[in-house]
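Participant: Please find the sequence and the predicted model below.
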2 protein chains.
Amino acid sequence: MGNNIGGINRIGKTHNMIKKVKLLKPALGREEKRQLKLDAILRHAAAAFMEKGYYKTSLDDIARLHKVTKPTLYYYIRNKEDILIKCEAVASQRINGLLDDVTALDDNGFAQLKKFIEGYVEIVTDDIIRCHIRHRGQREDPAAREASLKMHREIEHRVREIIGRGVADGSLRPCNPTIIAILLFDALNGISAWYREEGDLNHEELVAQVLLIVTEGVKNKA
Amino acid sequence: MGNNIGGINRIGKTHNMIKKVKLLKPALGREEKRQLKLDAILRHAAAAFMEKGYYKTSLDDIARLHKVTKPTLYYYIRNKEDILIKCEAVASQRINGLLDDVTALDDNGFAQLKKFIEGYVEIVTDDIIRCHIRHRGQREDPAAREASLKMHREIEHRVREIIGRGVADGSLRPCNPTIIAILLFDALNGISAWYREEGDLNHEELVAQVLLIVTEGVKNKA
DNA sequence: AGTTTAAGTTACTCATGGGTAACAATATAG
DNA sequence: CTATATTGTTACCCATGAGTAACTTAAACT
């Protein structure tokens, strides 16, 4: 169950190709239009947060990026923190979707872990996910804070289970699944902070190196 | 060349044991006293930043922790950002000190890498280091920002060199030292966010698991 | 002693930015 | 073609918190 915000950034292009956008609009229901705009706002906000950080980015900045004024944002979001919460919802869906796919696989723990790593490196490229990884934890509202921690624990727990399964079925070497899951997660999440698709390092090489260290380690036994 | 702020938190105890602190004070020069207080402020600030985050921690909060009023802080620091800069200086000294020790070792790349990991897990326990790892990158002042990035690059570069050396001398399996260094760093830095010495997970177990994944990987070859 | 310097305090200023009230335009429906 | 939600705007409020000025107290040196 992948991602409900796939083609949002194609809106810009549509806008360039067709002058009277009005002709196109009625094709979409109000609720869908609203959802689309919300997603666009989230993308703009996430990009800004990644560049300047949450606190150094004002709502006016985000509004400017979206070419509206600040109060308009409040039609789509409850408050500034709500942006992070909504980003988290998207992130949760995508990551848990990946985990659904991976655990549905009829294969041993190692194979599942491998698939997870490949998928996660893909996911971590998205600005909204990046934003969530970087700003996870900063919740003013205690309830939101708790929810955030819970969702993070759940994901970590699912990864831990994959590793545990691998140890049980013999495809993974005996280890402490809790620690290994956290270490792996931190390394993967770290990728979101430095990896850019436009750069000279391609996806395959990156995945290959992650898999190298996770599966074989770096010590030479020859 | 370890750490110049080793026994700061012992001041509290001293204060409890000896009533007339005045009798003790003259043993220290003014400059040293000043340095001691600065370090204490840094510790208080770092602890607060780790708990509430940089932006949610006001200078009044820090002053309160230190049992002084806000303007007094300005006797020791230039401004709020200066606290991060000073934490970074401490971190730089400790990490580069470790790297000095490690690279001075007359042994192969793998052995050096192992020593580095052991030492780094130790370092990452310190609040000031934690603070630096978490808040590295948020610099208002462009010059400070550049300096921060440069220092971080330098450290990463030294780790990369150790790995490269290992590949060259055959103690490490052929790999991309740049990527491996970054992944390793992210995993190690991540530790600072969750590991507490007081917890039930002891140091040795943690180091053992990190070394397990780095050296052997988790895939079972049996 | 008594003068100087370090260390700390109270009481402000002032920019920033989140959030809102009241009003204007635009689209959808009947 | 009017009536009514839906979007959006301009103009404001106000809490927060960084940084400063002016003044007081404590320590140190000769």
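Facilitator: Structure's in. What do you need?

Participant: Which parts of chain A are helices?
Facilitator: For chain A, the helices defined by DSSP state H cover A:11-17, A:30-52, A:59-65, A:70-73, A:80-104, A:109-123, A:127-135, A:142-169, A:177-194, A:203-211.

Participant: Need these in a markdown table (columns: mean neighbour count and mean pLDDT).
Facilitator: Yep, even glycine has a C-beta here, placed from its N, CA and C like the rest. Formatted as a markdown table, the helices of chain A follow (neighbours: other C-beta atoms under 10 Å in any protein chain shown; pLDDT from 0 to 100):
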| stretch | mean neighbour count | mean pLDDT |
| --- | --- | --- |
| helix A:11-17 | 10 | 32 |
| helix A:30-52 | 17 | 93 |
| helix A:59-65 | 17 | 97 |
| helix A:70-73 | 14 | 97 |
| helix A:80-104 | 19 | 98 |
| helix A:109-123 | 20 | 97 |
| helix A:127-135 | 23 | 97 |
| helix A:142-169 | 16 | 96 |
| helix A:177-194 | 21 | 97 |
| helix A:203-211 | 16 | 96 |
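
Participant: quick one: which of those helices is nearest B:Phe185?
Facilitator: Minimum separation from B:Phe185 across the helices of chain A (C-beta to C-beta) falls at helix A:177-194, 7.6 Å.

Participant: re earlier: quick one, which of the helices of chain A is nearest to B:Ile191?
Facilitator: helix A:177-194 (7.5 Å).

Participant: Distance of A:Ala187 relative to A:Tyr120?
Facilitator: Remark: distance between A:Ala187 and A:Tyr120 (C-beta to C-beta, to the nearest Å) = 10 Å.

Participant: hmm, back to that, so which of the helices of chain A comes closest to DNA strand D?
Facilitator: Set against DNA strand D and scored by C-beta to the nearest atom of the strand, the helices of chain A come closest in helix A:70-73, at 3.6 Å.

Participant: name the helices or strands packed onto the closest one?
Facilitator: helix A:59-65 (3 or more C-beta pairs under 8 Å, 6 or more residues apart in numbering or on different chains; DSSP states H and E).

Participant: Which residues are in contact with A:Pro71?
Facilitator: Residues counted as contacts of A:Pro71 (C-beta atoms under 8 Å, 6 or more residues apart in numbering or on different chains): none.

Participant: Can you tell me the centre-most residue of chain A?
Facilitator: With distances taken as C-alpha atoms, centre = their mean, A:Ile129 lies nearest the centre of chain A, 2.4 Å away.

Participant: Enumerate every residue touching it.
Facilitator: A:Val90, A:Ala91, A:Arg94, A:Ile95, A:Ile123, A:Ser192.

Participant: Look up how far chain B lies from the fifth one.
Facilitator: For A:Ile123, the distance to chain B equals 16 Å [C-beta to the nearest C-beta, to the nearest Å].

Participant: The first one too?
Facilitator: A:Val90 is 23 Å from chain B, where distance means C-beta to the nearest C-beta.

Participant: Isn't that residue up against A:Ile133?
Facilitator: No: using C-beta atoms under 8 Å, A:Val90 makes no contact with A:Ile133, being 11.9 Å away.

Participant: Can you confirm whether stretch A:194-202 lies near chain B?
Facilitator: Yes: Stretch A:194-202 is in contact with chain B by C-beta under 8 Å from any C-beta of the partner chain, via A:Trp194, A:Leu201.

Participant: Contacts for that stretch next, please.
Facilitator: Against stretch A:194-202 from outside (C-beta under 8 Å, 6+ apart): A:Val124, A:Thr125, A:His203, A:Leu206, B:Ile179, B:Ile182.

Participant: Which positions in chain A make contact with DNA strand D?
Facilitator: A:Arg30, A:Lys33, A:Arg34, A:Lys37, A:Val68, A:Thr69, A:Lys70, A:Pro71, A:Thr72, A:Tyr75 (C-beta under 7 Å from any atom of the strand).

Participant: ok, now with 6 Å
Facilitator: A:Arg30, A:Lys33, A:Arg34, A:Val68, A:Thr69, A:Pro71, A:Thr72, A:Tyr75 (C-beta under 6 Å from any atom of the strand).

Participant: Put together a markdown table for the residues you listed, with distance to A:Leu211 on each row.
Facilitator: Formatted as a markdown table, those follow (distance: C-beta to C-beta, whole Å):
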| residue | distance to A:Leu211 |
| --- | --- |
| A:Arg30 | 46 |
| A:Lys33 | 42 |
| A:Arg34 | 41 |
| A:Val68 | 44 |
| A:Thr69 | 48 |
| A:Pro71 | 49 |
| A:Thr72 | 46 |
| A:Tyr75 | 45 |
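
Participant: Which pair in these has the greatest spatial separation?
Facilitator: Among the residues of chain A next to DNA strand D, A:Arg30 and A:Thr69 lie farthest apart (C-beta to C-beta), at 21.3 Å.

Participant: Kindly provide the distance from A:Lys70 to A:Ala47.
Facilitator: Using C-beta to C-beta, which is the criterion applied here, A:Lys70 is 17 Å from A:Ala47.

Participant: The closest residue to A:Leu65 other than its chain neighbours: what's it in contact with?
Facilitator: Nearest residue to A:Leu65, sequence neighbours excluded (C-beta to C-beta, 6 or more residues apart in numbering or on different chains): A:His44, at 4.2 Å. Contact analysis of A:His44 by C-beta under 8 Å, 6+ apart lists A:Ile62, A:Leu65, A:His66.
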